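Enquirer: prediction below, plus the sequence it came from.
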Amino acid sequence: MRQRLAIRAQVLVSPQCGRGHRFLRSSILPPVGCVPSGFPQTVLLPAPFGAAPKSYARLESEYMTSFSDLGLIEPLLRALTAEGYAVPTPIQSQAIPLLLQGRDMLGIAQTGTGKTAAFALPILQRMAANRVKAAPRCPRTLVLTPTRELAVQIGEGFATYGKHLGFKRTVVYGGVGQGAQVSAMNAGVDILVATPGRLLDLMNQRHINLQHVEFLVLDEADRMLDMGFIRDVKVIVSKIVAARQTLLFSATMPEAVMSLAKGILKDFERIEVTPPATTVERIVQRVMFVARDDKRRLLTELLNDKSVTRALVFTRTKHAANRVAEQLIKNGVSADAIHGNKSQNARQRSLDAFKSGKARVLVATDIAARGIDVDGISHVINYELPADAESYVHRIGRTARAGMSGAAISFCDADEVGDLRAIERLTRQTITVDTGHAFHAAHIATRSERSGPSRPSGRPNGRPNGGYGQKPGNRGGRGGSGGGGRPWENRSRAA
Ligand code: AMP
């Protein structure tokens, strides 16, 4: 039976635009089990620039709770059932009906929200409604994304969701020979997923022609900006004349991305799924004050705990990533490292080993980890805190995905106290201090002058994760009622 979601709506002035745009903030209150647990629920629905807010009736109609409610065709529904997707995530229930109508969209959402299906499903459906034989070198759909890893994932998403529709797709990215990519383009392609540098290269060599692109997706636009791709992106977009529908997704909305969006989107809908700073509330977070020289031994101690089933460990530098991985291997822990000095193939191999469980630990730098979509990461461990606080949010967002719970543990040495403060300011949370490990450095804890909760005996909070489908209350990292186990234990999983 179809269940309706209760919606509260209020008109807000956008703090981001600061131009008095009207927003509808809807707090979606799904019946338990209605929204996949672990997916952000809070959705901001700003009216398009200057337009009137949406009506309640329209909002309600947008919050439908099954994929068939969204108007998806049978071959797509069959593929979703095979994948075990029971209900749409908030971004899916919001975006799919609008995209099926052909609307342009600005989506503010991170990887992990289900955004790939949110754009792939309606694009596949619209392409199927108007079948054209795949032409050599001329894709109908182009998805631009910053990294090879993301490109491969998105390509896999199209393959999975579109498996009963028979479209030809390929993925192009740099760091590998172009021969196979050129052959695939020549054989005819409906859907192309690409990183900007290699795409431009192949366009300049006339192996790819974008004149017939009807559906354009710019994914992770802020990362493309960070990675210096924005000029390439603008050149690429300028070559697309026939695009009927354009979608831009970004986790954050810096001015440069906003102006790119305004330049390419027509009369667009804007959808925002829980901003990063609140997403982190779903993850159990701990900080461990430790002298720099003790970090290795502390990591080994943490990894002795069997509840750490799949851990992503972050370092600041490639060199440190290698060192930590080597050390772990020496200690008998299956580990691998992923960073920018490795070839694309080596990076993919490391990622595959991590995904398959061959490597229990993946040690990564921030850039290399961007967009990593590995389900079931039980723990993110910040061996070194990132220099910029936003990276912390992206790092820990690698856990607690696709309905799982997760834990994030940060090592903080004497030089990192300022970084910790910056993170707490950004996330508006005081991270619980774990003093219950053998390497607790009280002098660093004192230096940090924190007034937040601490946990003297290494005992975690009652519930690690106020994930969806659970009762609201104690969200990770905020202290709370007692419970047993290790501080880094993923207790939902154990339960
Ligand atoms: P994405 O944000 O597209 O990277 O998706 C994050 C993860 O959620 C991927 O592993 C997807 O397979 C999974 N996922 C996406 N949509 C759903 C859904 N409706 N139900 C369950 N899992 C989903």
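Expert: Looks like it came in fine.
Enquirer: switch to C-alpha atoms for all contacts and neighbour counts from now on
Expert: Fine.
Enquirer: isn't there a helix covering Gly155?
Expert: Yes - according to DSSP: H, G, I helix; E, B strand; the rest coil, Gly155 belongs to a helix.
Enquirer: residues in contact with it?
Expert: Each residue near Gly155 by C-alpha atoms under 8 Å, 6 or more residues apart in numbering is listed here: 169-171, 193.
Enquirer: at 7 Å what do you get?
Expert: Residues near Gly155 by C-alpha atoms under 7 Å, 6 or more residues apart in numbering: 170-171, 193.
Enquirer: any idea of the pLDDT on it?
Expert: Per-residue confidence at Gly155 stands at 97 (pLDDT).
Enquirer: ok, it to the ligand distance?
Expert: 11 Å (C-alpha to the nearest ligand atom, to the nearest Å).
Enquirer: by neighbour count, which of the contacts of Gly155 wins?
Expert: When neighbours are counted by other C-alpha atoms under 10 Å, Val193 leads the contacts of Gly155 with 26 neighbours.
Enquirer: what helix or strand does the closest residue to Ala389 other than its chain neighbours sit in?
Expert: The shortest distance from Ala389 to any non-neighbouring residue, by C-alpha to C-alpha, 6 or more residues apart in numbering, is to Ile423 (4.7 Å). Ile423 is part of helix 417-427 when elements are defined by DSSP states H and E.
Enquirer: list the buried ones in that helix?
Expert: By 16 or more other C-alpha atoms under 10 Å, the buried positions in helix 417-427 come out as 417, 419-424, 426-427.
Enquirer: secondary structure class for the residue nearest to Arg296 when sequence neighbours are not counted?
Expert: If the residues on either side of it in the chain are set aside, Arg296 comes closest to Val324, at 7.4 Å by C-alpha to C-alpha, 6+ apart. Following three-state DSSP, Val324 is assigned to helix.
Enquirer: any idea how far Val324 lies from Met224?
Expert: Distance of Val324 to Met224, computed by C-alpha to C-alpha, to the nearest Å: 29 Å.
Enquirer: next: Ile283.
Expert: Distance from Ile283 to Met224, by C-alpha to C-alpha: 27 Å.
Enquirer: also Asn204?
Expert: Asn204 is 20 Å from Met224, by C-alpha to C-alpha.
Enquirer: the stretch 301-450 of the chain: strands as residue ranges?
Expert: All strands of the stretch 301-450 of the chain, identified by DSSP state E, counting those that start in this stretch, fall at 311-314, 335-338, 361-364, 379-382, 407-412, 432-434.
Enquirer: let's have these in a markdown table, adding distance to the ligand and mean neighbour count.
Expert: Shown next, in a markdown table, are the strands of the stretch 301-450 of the chain (distance: least, C-alpha to the nearest ligand atom, whole Å; neighbours: other C-alpha atoms under 10 Å):
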| stretch | distance to the ligand | mean neighbour count |
| --- | --- | --- |
| strand 311-314 | 16 | 26 |
| strand 335-338 | 19 | 27 |
| strand 361-364 | 18 | 28 |
| strand 379-382 | 17 | 28 |
| strand 407-412 | 17 | 26 |
| strand 432-434 | 27 | 24 |
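Enquirer: would you mind giving the ones you listed as a markdown table with distance to Leu100 and mean pLDDT added?
Expert: Putting these into a markdown table (distance: least, C-alpha to C-alpha, whole Å; pLDDT from 0 to 100) gives the following:
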| stretch | distance to Leu100 | mean pLDDT |
| --- | --- | --- |
| strand 311-314 | 37 | 95 |
| strand 335-338 | 38 | 92 |
| strand 361-364 | 38 | 95 |
| strand 379-382 | 37 | 95 |
| strand 407-412 | 37 | 95 |
| strand 432-434 | 44 | 93 |
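Enquirer: any chance of these in JSON lines, plus distance to Ala95?
Expert: As requested, those are exported to JSON lines (distance: least, C-alpha to C-alpha, whole Å):
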{"stretch": "strand 311-314", "distance to Ala95": "31"}
{"stretch": "strand 335-338", "distance to Ala95": "33"}
{"stretch": "strand 361-364", "distance to Ala95": "32"}
{"stretch": "strand 379-382", "distance to Ala95": "30"}
{"stretch": "strand 407-412", "distance to Ala95": "30"}
{"stretch": "strand 432-434", "distance to Ala95": "36"}
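Enquirer: compare the ones you listed and give me the one nearest Gly188.
Expert: strand 335-338 (33.3 Å; C-alpha to C-alpha).
Enquirer: which secondary structure elements does the closest one contact?
Expert: When contacts are defined as 3 or more C-alpha pairs under 7 Å, 6 or more residues apart in numbering; DSSP states H and E, strand 335-338 packs onto helix 318-330, helix 344-356, strand 361-364.
Enquirer: contact partners of stretch 335-352?
Expert: 175-176, 318, 321-322, 325, 328-329, 359-365, 368.
Enquirer: what's the closest of those to the ligand?
Expert: Using C-alpha to the nearest ligand atom, Ala368 comes nearest to the ligand of these, at 16.1 Å.
Enquirer: residues near the closest residue to the closest one other than its chain neighbours, how many?
Expert: Leaving out its chain neighbours, the residue that sits closest to Ala368 by C-alpha to C-alpha, 6+ apart is His339, at 4.8 Å. When neighbours are defined as other C-alpha under 10 Å, His339 has 23 of them.
Enquirer: next one: phi and psi at His339?
Expert: For His339, the backbone dihedrals (degrees, to the nearest 10) come out as phi -160, psi 170.
Enquirer: show me which residues of the stretch 251-400 of the chain are close to the ligand?
Expert: Neighbours of the ligand within the stretch 251-400 of the chain, by C-alpha under 6 Å from any ligand atom: Asp375.
Enquirer: equivalent analysis for the stretch 51-200 of the chain, please.
Expert: Counting by C-alpha under 6 Å from any ligand atom, the stretch 51-200 of the chain sits next to the ligand at 85-89, 111-117.
Enquirer: of the residues you listed, which is the most crowded?
Expert: Greatest neighbour count in these, by other C-alpha under 10 Å, goes to Thr89: 28 neighbours.
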